[in-house]
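*Asks:* predicted model, plus sequence, below.
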Amino acid sequence: LLLLINDSILICSTSNRGGSCQLRSLINLNLLKNSSQRIVSSSPIYPSIGFISENNHILYLSNTYDILCDPFYEIPTISGRSIDKDFLSIINLNSGQSALQQSTYTLRLLNIRLIKDFFLYYLYGFEHKNISYFLTIQQSDIYHTRKYKLQTKILRFCQTLKQSIIKSYVEIPITCGKNYHYLVTAKFSK
């Protein structure tokens, strides 16, 4: 659930809708718009994390893959989606190309083995000064030599519409002493 536009509109999705979303009036919960495409994970265990950019009305979403529920190719790991025009379609500035594969605001993990074996959980997302941030809990070793060792990372990318997410994408590990390797919850406040 996300509030939108002066807290009068609600974006909602449930796992029983197959990962599609709706726009509803917060006053009476009437349906305003309906999306038929999958944009969030349908996992009952791993929620999708999202926030709405204040400057450009883009819904930024991150999805933790659940191999029991989500075919890896249907939903991007991270995406920027239009709210005002073409409701919840992925923003794509490269006309004539497949929006799912070549979108400016899409980041996918295309390695099938990595998706199935590498634990990557999105915990929280926020924006600050035109930069999107997501907090993740993930395996510390991509080669699985220490398969169950987890760590927290903060990742960020610029929200400019002139470049791809991957061109400004950065991940930085976060640690708190020797005994606290991962976050449980997070909250950003201005």
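*Replies:* It's in. Here the structure is a predicted model, which is why all the values come from computation and not from measurement.
*Asks:* now do residue 52 against residue 9, distance only.
*Replies:* Residue 52 sits 10 Å away from residue 9, going by C-beta to C-beta, to the nearest Å. In short, each C-beta sits where N, CA and C put it, glycine included.
*Asks:* ok, residue 49 next?
*Replies:* Counting by C-beta to C-beta - residue 49 and residue 9 are separated by 19 Å.
*Asks:* for residue 33, same thing?
*Replies:* If you go by C-beta to C-beta, the gap between residue 33 and residue 9 works out to 9 Å.
*Asks:* which neighbours do the two share?
*Replies:* residue 23 (C-beta atoms under 8 Å, 6 or more residues apart in numbering).
*Asks:* those two: which is more packed in?
*Replies:* A count of neighbours by other C-beta atoms under 10 Å puts residue 9 above the other of residue 33 and residue 9, at 17 against 13.
*Asks:* so the closest residue to residue 2 other than its chain neighbours bridges to which residues?
*Replies:* Excluding the flanking residues, the one nearest residue 2 by C-beta to C-beta, 6 or more residues apart in numbering is residue 11, at 4.5 Å. Here residue 11 sits in beta bridges with residue 2, residue 23, going by DSSP bridges.
*Asks:* ok, now how distant is residue 11 from residue 136?
*Replies:* Counting by C-beta to C-beta, the gap from residue 11 to residue 136 is 22 Å.
*Asks:* ok, now residue 156?
*Replies:* 11 Å.
*Asks:* pick out whichever of those two has more residues nearby.
*Replies:* The neighbour count for residue 156 versus residue 136, taken as other C-beta under 10 Å, is higher for residue 136 (24 against 16).
*Asks:* which intervals of this structure have sub-threshold pLDDT?
*Replies:* Where the chain drops to pLDDT under 70, the residues are 1, 3-7, 14-18, 56, 70-74, 84-117, 141-148, 161-166, 179-180.
*Asks:* now the helices for it?
*Replies:* 99-102, 112-117, 165-168 (DSSP state H).
*Asks:* bridging residues for the closest residue to residue 136 other than its chain neighbours?
*Replies:* Spatial nearest neighbour of residue 136, chain neighbours left out: residue 153 (5.1 Å); criterion: C-beta to C-beta, 6+ apart. Per DSSP bridges, the residues bridged to residue 153 are residue 136, residue 173.
*Asks:* all strands of this structure, in order?
*Replies:* Applying DSSP state E to the chain gives strands spanning 2-4, 9-12, 22-25, 31-34, 49-52, 58-62, 78-82, 106-107, 120-128, 131-139, 150-158, 170-174.
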